[in-house]
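Give me a 3D structure for the following:
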Amino acid sequence: MMSVANRRRGAERRVKNDPVEMERRSGLDRRLIVESATAQIHAVLELLTLLADHDALRDDSRRLLDTAMLRLRYALERMELE
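Numbering: from 1, shown residues only. Now for the predicted structure:
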């Protein structure tokens with residue numbers, strides 16, 4: 001019967017010394033990603049505002065939409081500060 005301890009007595013097979021190339025983003029790349037995300041959030045907020053301005057929503061749906069818009073605005077403000 002082979003136990004776990006017996007199987008691990010040999011050389012460790014999981015250890016490899018192969019170098020791994022890491023791609024690092026520059027500060028400009030990170031800012032462009034944030035700017036892109038903020039632009040997308042602005043566009044979503046505009047669409048949601050148009051939806052909220054229509055009288056087709058029930059009160060409970062309007063409250064949910066208002067909550068979602070509030071959360072998006074908060075996230076947007078946090079992103080713009082960074």
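
Show the contacting residues for residue 65.
48, 51, 52, 57 (Cβ atoms under 8 Å, 6 or more residues apart in numbering). From N, CA and C alone the C-beta is placed, and that goes for glycine too.

Find the nearest non-adjacent residue to the third one, please.
For residue 52, the nearest residue in space outside its immediate sequence neighbours is residue 65; the separation is 5.5 Å by Cβ to Cβ, 6 or more residues apart in numbering.

and the longest helix for this structure?
With secondary structure taken from DSSP state H, the chain has its longest helix at helix 27-53.

list the contacts for the most centrally placed residue in the chain?
By Cα atoms, centre = their mean, the mean C-alpha position of the chain lies nearest to residue 37, the distance being 9.7 Å. The contact partners of residue 37, taken as Cβ under 8 Å, 6+ apart, are residue 79.

same thing but at 10 Å, please
75, 76, 79 (Cβ atoms under 10 Å, 6 or more residues apart in numbering).

Leaving out chain neighbours, which residue sits closest to the first one?
The spatial neighbour of residue 75 that comes closest, neighbours along the chain excluded (Cβ to Cβ, 6+ apart), is residue 41 at 6.8 Å.

Could you do the second one as well?
Distance criterion Cβ to Cβ, 6+ apart; nearest residue to residue 76, sequence neighbours excluded, is residue 41 at 4.8 Å.
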